[in-house]
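A.B. asks: Sequence and predicted structure, then a few things I'm wondering about:
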Amino acid sequence: MIQGDLTTFNTPKDPSMEPQKDYSLWRVAQKRARFKRSLTIYLLVNLFLWLIWAFKGARIVQSTLPWPAWVSLSWGIALVFQFIEAYTKGKDWVQHEYEQLTKKKSNS
């Protein structure tokens with residue numbers, strides 16, 4: 001009785017039983033998940049770097065910007081581009097270009 005119920009948990013899932021995923025939505029979800037992971041890492045690493053600077057190097061003035069600012073700014077710019085790719089364009093850039101080219105070809 002109980003053994004019959006337990007065997008269903010040990011059997012591998014049949015791929016045909018899983019619902020089909022929309023490939024374009026799956027790619028958008030992957031990009032958004034990747035961005036969220038990158039943002040979390042960015043915040044943690046930058047917090048760590050700024051704490052190091054505050055406790056060790058804040059008294060030493062080398063330039064107008066503290067050294068962690070260079071890391072935060074450059075990495076932050078890259079993160080902005082990743083955000084734009086993940087959230088502002090619903091379609092893939094390549095897919096968008098392909099659709100424009102096919103429209104142009106059909107109009108010719």
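C.D. replies: Now that the structure is in, tell me what you want to look at.
A.B. asks: In this protein, where is pLDDT below threshold?
C.D. replies: Along the chain, segments meeting pLDDT under 70 span 1-19, 59-63, 89-92.
A.B. asks: residue ranges of the helices in it, please?
C.D. replies: 2-10, 23-52, 67-83, 93-107 (DSSP state H).
A.B. asks: Tell me, how many residues neighbour Glu85?
C.D. replies: Per other CB atoms under 10 Å, the neighbour tally for Glu85 reads 16. Every C-beta, even on glycine, is put in place using the N, C-alpha and C of the backbone.
A.B. asks: Check the one 3 residues further on too.
C.D. replies: Neighbouring residues of Thr88 were enumerated by other CB under 10 Å; the total is 7.
A.B. asks: cool, and Pro68?
C.D. replies: Pro68, neighbours per other CB under 10 Å, totals 19.
A.B. asks: how close does the closest residue to it other than its chain neighbours get to Ala58?
C.D. replies: Once flanking residues are discounted, Pro68 sits nearest to Leu49: 4.2 Å by CB to CB, 6 or more residues apart in numbering. For Leu49, the distance to Ala58 equals 12 Å [CB to CB, to the nearest Å].
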